[in-house]
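**Student:** take a look and give me a structure for this.
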Amino acid sequence: AGQDDDIASDLDTPEANAARGVRLFCESAAANSGEEVLHLPTIVESAVASPGAAAAACGQIRKFLSKENYSRPHVQYNAIMLIRILTDNPGQSFTRNMDKGFTDTVKQLLRNGRDPSVNQILRETLDALERDKAYDTNLNVVFAMWRKEKGLMAQATGQPASQLGHRTMNAPPWNPNGPPLGVGGGESYGRSSSKPERGLPPPLELSGRIEEARTSAKLLLQLVQSTPPAELLGNELVKEFSERCVSAQRSIQGYINCDNPAPDDDTMLTLIETNEQLSLAASKHHRAVLQA
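**Tutor:** Alright, predicted model coming up:
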């Protein structure tokens with residue numbers, strides 16, 4: 001039991017603050033994203049200040065990626081987003097902790113994870129690291145694992161390995177000349193139909209997309225609030241989440257307008273709330289960019 005005692009306590013050390021911040025950030029429910037509790041700056045500041053804090057953050061992230069948390073996709077999704085953030089800043093004092101044990105945990109999640117949104121964001125993240133951090137020799141074990149896994153997945157699916165990780169936002173692509181968003185036909189949902197229907201995706205897929213949209217909105221807000229104005233325009237992560245939110249909002253608005261079947265009352269309320277969260281994040285980002 002007592003493995004998290006130091007984290008749960010009120011110790012004010014960079015190590016305790018980083019590990020506690022990771023736990024609070026990952027476990028904060030997407031549904032509460034209106035109550036913005038800014039754990040992200042604490043995590044980043046602590047990890048930058050102390051290599052021990054970077055190690056503590058990495059250890060806590062690894063726990064959240066382990067099989068004990070496969071049933072908590074929003075926690076795993078948030079943990080993967082922290083990998084994206086912390087490999088940028090503090091960078092190598094964080095990545096040196098992404099060792100064989102960490103890599104094995106990631107490999108097991110790739111193979112055995114149950115949630116498609118988590119699997120997608122994990123693949124995208126590994127692809128982004130391979131593309132943007134090739135110079136970081138701390139990540140060689142991760143890169144070797146990912147290349148091997150991509151090869152195995154390519155054999156299993158018949159897809160080229162180069163296509164396995166890439167897609168921004170696990171939501172249907174937006175075609176300005178096509179039928180309304182949220183449309184069930186076309187390749188968005190893995191079937192090709194010359195007659196697209198104005199339908200919702202299956203319930204599990206819909207809830208995954210709503211969860212992903214809310215998480216994207218929450219993270220864009222936190223990134224905007226924790227990125228110095230001078231760095232905002234050039235920050236790739238802010239840009240990526242801004243694009244995710246735009247894509248997500250188009251999809252969510254499409255779901256709101258579906259009529260075959262139309263969303264039930266509870267789903268409609270959730271969709272409207274999610275749309276509002278995306279609008280809020282987009283407007284705060286826009287305002288911050290104008291002031292930068």
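
**Student:** going forward, measure contacts and count neighbours with C-alpha atoms only.
**Tutor:** Fine.

**Student:** CA atoms only for whichever strand or helix holds L82, dumped as PDB, please.
**Tutor:** Assigned by DSSP states H and E, L82 belongs to helix 73-88. Taking C-alpha atoms only, helix 73-88 is exported to PDB below (Å, rounded to 0.1, in the frame of the first residue of the first chain):
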ATOM      1  CA  PRO A  73      -9.000   5.200 -20.500                       C
ATOM      2  CA  HIS A  74      -9.200   8.900 -19.600                       C
ATOM      3  CA  VAL A  75      -6.400   8.400 -17.100                       C
ATOM      4  CA  GLN A  76      -4.200   6.700 -19.700                       C
ATOM      5  CA  TYR A  77      -5.100   9.200 -22.400                       C
ATOM      6  CA  ASN A  78      -4.000  12.100 -20.100                       C
ATOM      7  CA  ALA A  79      -0.800  10.200 -19.100                       C
ATOM      8  CA  ILE A  80       0.200   9.800 -22.800                       C
ATOM      9  CA  MET A  81      -0.400  13.500 -23.300                       C
ATOM     10  CA  LEU A  82       2.000  14.200 -20.500                       C
ATOM     11  CA  ILE A  83       4.600  12.200 -22.300                       C
ATOM     12  CA  ARG A  84       4.200  14.500 -25.300                       C
ATOM     13  CA  ILE A  85       4.600  17.600 -23.100                       C
ATOM     14  CA  LEU A  86       7.500  16.400 -20.800                       C
ATOM     15  CA  THR A  87       9.600  15.000 -23.700                       C
ATOM     16  CA  ASP A  88       9.700  18.600 -24.900                       C
END
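
**Student:** packing partners for that helix?
**Tutor:** Using 3 or more Cα pairs under 8 Å, 6 or more residues apart in numbering; DSSP states H and E as the contact test, the elements touching helix 73-88 are helix 14-27, helix 51-65, helix 92-95, helix 116-132, helix 203-226.

**Student:** so which of those comes closest to I43?
**Tutor:** Closest approach to I43 among the helices and strands packed on helix 73-88 (Cα to Cα): helix 14-27, 4.7 Å.

**Student:** so what touches the helix holding L82?
**Tutor:** With Cα atoms under 8 Å, 6 or more residues apart in numbering as the contact definition, helix 73-88 has outside contacts at 22, 25-30, 44, 61, 64-65, 69-70, 94-95, 115, 117-118, 121-122, 125, 129, 211, 215, 237.

**Student:** ok now that helix, how far from the chain's centre?
**Tutor:** 6 Å (Cα atoms, centre = their mean, to the nearest Å).

**Student:** could you look up the SS state of the residue lying closest to N119 once chain neighbours are set aside?
**Tutor:** Excluding the flanking residues, the one nearest N119 by Cα to Cα, 6 or more residues apart in numbering is L110, at 6.2 Å. Classification of L110 by DSSP: H, G, I helix; E, B strand; the rest coil places it in helix.

**Student:** below-threshold pLDDT in the stretch 1-150 of the chain: ranges please.
**Tutor:** Applying pLDDT under 70 to the stretch 1-150 of the chain picks out residues 1-10, 29-38.

**Student:** how does it look with 50?
**Tutor:** For the stretch 1-150 of the chain, applying pLDDT under 50 flags the ranges 1-3, 5-6, 31, 34-36.

**Student:** the helix holding L82 versus helix 51-65: what angle between them?
**Tutor:** 150 degrees (axes from the mean of the first three to the mean of the last three Cα atoms, to 10 degrees).

**Student:** tell me the angle of helix 73-88 relative to helix 14-27?
**Tutor:** 140 degrees.
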